[in-house]
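[1] Pasting the sequence and the predicted model now:
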Amino acid sequence: MAAIGIKDSLKSQGVRLTRQREILLELIDKSGKHLDAETLFELAQKQDPKLNRVTVYRTLKMLKESGLVDELDLMHMGGDQHYYETRLKQEHAHVICLRCGKVEEFFGEPLQKLRRQVEQHFGFQIMLARTEIGGYCAHCQVLREQEVEAAAALPPTTTAKRRSATAAVAK
Ligand SMILES: [Zn+2]
Ligand SMILES: [Zn+2]
């Protein structure tokens with residue numbers, strides 16, 4: 001079981017599993033998603049109302065430093081936000097849609113192959129590898145095509161108005 005794996009690896013590193021560490025590790029491990037620090041703080045507080053933001057952020061930093069969780073920026077789709085996921089998961093690449101922000105995980109042999117090639121080529125000992133791929137998901141490709149067509153169909157003045165309207169909405 002994953003939870004036991006975490007506890008064992010903590011023990012082997014001489015890290016004491018405090019209550020806040022246990023809560024956060026379990027949240028990250030069980031969610032299977034990529035949660036940001038603020039969401040983790042809210043979830044953790046539901047389990048222990050005494051937990052404050054500073055403790056949660058400090059604990060995340062510690063978990064990252066001891067190699068138990070991975071910190072991701074996911075192409076900065078959410079601004080400066082960082083996301084956390086367990087290191088117990090098999091290595092995978094993150095495939096991020098630059099329009100809707102959907103994140104898919106790609107698991108597969110090519111990643112292990114790349115790792116082996118880099119290690120052999122540089123005589124390198126890889127401790128951590130992070131692969132992010134940005135682009136447009138199938139759904140957004142269709143929408144983008146429609147947007148381009150719609151923009152092209154409008155007379156130039158209307159397009160300019162439309163653009164400024166979009167810019168206003170974006171603010
Ligand atoms: Zn998309
Ligand atoms: Zn992931």
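    Structure received. Numbering: from 1, shown residues only. Ligands and ions are numbered 1, 2, ... in the order given.
[2] which SS state does Leu43 fall under?
    helix (DSSP: H, G, I helix; E, B strand; the rest coil).
[3] roughly how far apart are the closest residue to it other than its chain neighbours and ligand 2?
    Of all residues not flanking Leu43 in the chain, Leu27 sits nearest, at 5.2 Å (Cβ to Cβ, 6 or more residues apart in numbering). To be clear about C-beta, it is placed using only N, CA and C from the backbone, and glycine gets the same treatment. Separation of Leu27 from ligand 2 (Cβ to the ion, to the nearest Å): 15 Å.
[4] where does Leu27 fall, phi/psi-wise?
    phi -60, psi -50 (degrees, to the nearest 10).
[5] Check Lys50 too.
    Per degrees, to the nearest 10, the backbone of Lys50 is at phi -80, psi -20.
[6] can you tell me how far it sits from ligand 1?
    In terms of Cβ to the ion, Lys50 sits 39 Å off from ligand 1.
[7] same check, this time on Arg144
    9 Å.
[8] Would you double-check that that residue falls in a strand?
    No. Assigned with three-state DSSP, Arg144 falls outside any strand and is helix.
[9] Near ligand 1, which residues of the chain? Just list them.
    Cys97, Arg99, Cys100, Cys137, Cys140 (Cβ under 5 Å from the ion).
[10] number of nearby residues for the second one?
    Spelled out, it's Arg99. Number of residues near Arg99 (other Cβ atoms under 10 Å) recorded here: 16.
[11] Please apply the same query to the fourth one.
    Counted with other Cβ under 10 Å, the neighbours of Cys137 add up to 18.
[12] For it, give me the pLDDT.
    Here, the pLDDT recorded for Cys137 equals 97.
[13] picking that back up, ok, the residue nearest to Leu43 - contacts?
    Contacts for Leu27 (Cβ atoms under 8 Å, 6 or more residues apart in numbering) come out as Leu35, Leu40, Leu43, Ala44, Gln47.
[14] If we use 7 Å, what do you get?
    Residues in contact with Leu27 (Cβ atoms under 7 Å, 6 or more residues apart in numbering) are Leu40, Leu43, Ala44.
[15] tell me which of those residues is nearest to ligand 2?
    Leu40 (14.9 Å; Cβ to the ion).
[16] Which residue is the nearest non-sequential neighbour of that closest one?
    Leu40 sits nearest to Leu27 (Cβ to Cβ, 6+ apart), 5.9 Å away.
[17] ok, now which ones touch Arg53?
    Contacts of Arg53 (Cβ under 7 Å, 6+ apart): Phe41.
[18] Would you quantify the distance from it to Gln20?
    Look at Arg53 and Gln20: by Cβ to Cβ, to the nearest Å, they are 12 Å apart.
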